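Trainee: attaching a predicted model along with its sequence, questions to come.
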Amino acid sequence: LKLWLTAAAQSRLGPSSDISRTPHRSPARPSAAVMALRAATLTLLALAVAALVATAAAQRPAAWAKELAFEDGKAALAVTPNIMTGLLVGVVWLTLFLTGFCCLFQVQTPSSYEEKCLVLNKQY
């Protein structure tokens, strides 16, 4: 049966291919890029687990004195809604200003200008 399969494969593939002498190959090893990707994935997974553990550990069972004062009505908020609105609008304006400032200083002009005047011939 093996001889018949080898002959059938050679008749399809041509006489130049020699299937009977092909050695058994071991599975291909992953490339360096695949190994690096696996390592990066494991590192990211470890960081995510560490962040989850840190978040869970950071939760506290009791409120601070300042929080208890807010609940009792003994303390007032330092930032009122009007102050918060002003801060947010200020941040938006500052962002727009810095964007325009950076774009303005990225404009490039020629280091020298042509001193030749416009020549107008025969104006009728």
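Mentor: Sure thing, it's come through.
Trainee: any idea how far residue 46 lies from residue 105?
Mentor: Using C-beta to C-beta, to the nearest Å, residue 46 is found at 43 Å from residue 105. For every residue, glycine as well, the C-beta is placed using N, CA and C.
Trainee: show me the shaky parts of this structure.
Mentor: 1-27 (pLDDT under 70).
Trainee: rerun at 90
Mentor: The chain contains residues with pLDDT under 90 at 1-37, 55-68, 70-71, 73, 75-80, 105-124.
Trainee: for it, longest helix please?
Mentor: Counting by DSSP state H, the longest helix found in the chain is helix 32-58.
Trainee: next structured bit after that helix?
Mentor: Once helix 32-58 ends, the next helix or strand along the chain (criterion: DSSP states H and E) is helix 65-72.
Trainee: next, the contact list for the residue positioned nearest the centre of the chain, please.
Mentor: For the chain, the residue nearest the mean C-alpha position is residue 44 (13.3 Å; C-alpha atoms, centre = their mean). Listed by C-beta atoms under 8 Å, 6 or more residues apart in numbering, the contact set of residue 44 is empty.
Trainee: against residue 56, how distant is it?
Mentor: Using C-beta to C-beta, residue 44 is found at 19 Å from residue 56.
Trainee: returning to that earlier point: run the chain-centre distance for the longest helix of the chain.
Mentor: Its chain's C-alpha centre and that of helix 32-58 lie 16 Å apart, by C-alpha atoms, centre = their mean, to the nearest Å.
Trainee: with stretch 107-124 instead?
Mentor: 47 Å.
Trainee: hey, C-alpha coordinates of it in PDB?
Mentor: Taking only C-alpha atoms (Å, rounded to 0.1, in the frame of the first residue of the first chain), the coordinates of stretch 107-124 have been written out as PDB:
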ATOM      1  CA  VAL A 107       5.200  77.400  11.100                       C
ATOM      2  CA  GLN A 108       8.300  77.500   8.900                       C
ATOM      3  CA  THR A 109       9.100  80.400   6.700                       C
ATOM      4  CA  PRO A 110      12.000  80.700   4.200                       C
ATOM      5  CA  SER A 111      15.300  82.000   5.600                       C
ATOM      6  CA  SER A 112      15.600  84.500   2.800                       C
ATOM      7  CA  TYR A 113      13.200  86.200   0.400                       C
ATOM      8  CA  GLU A 114      13.700  86.900  -3.300                       C
ATOM      9  CA  GLU A 115      14.500  90.600  -3.800                       C
ATOM     10  CA  LYS A 116      13.600  90.700  -7.500                       C
ATOM     11  CA  CYS A 117      10.700  93.000  -8.200                       C
ATOM     12  CA  LEU A 118       7.700  92.000 -10.400                       C
ATOM     13  CA  VAL A 119       8.400  93.000 -14.000                       C
ATOM     14  CA  LEU A 120       5.500  94.400 -15.900                       C
ATOM     15  CA  ASN A 121       6.000  94.800 -19.600                       C
ATOM     16  CA  LYS A 122       3.800  96.800 -22.000                       C
ATOM     17  CA  GLN A 123       0.800  97.700 -20.100                       C
ATOM     18  CA  TYR A 124      -1.900  98.800 -22.700                       C
END
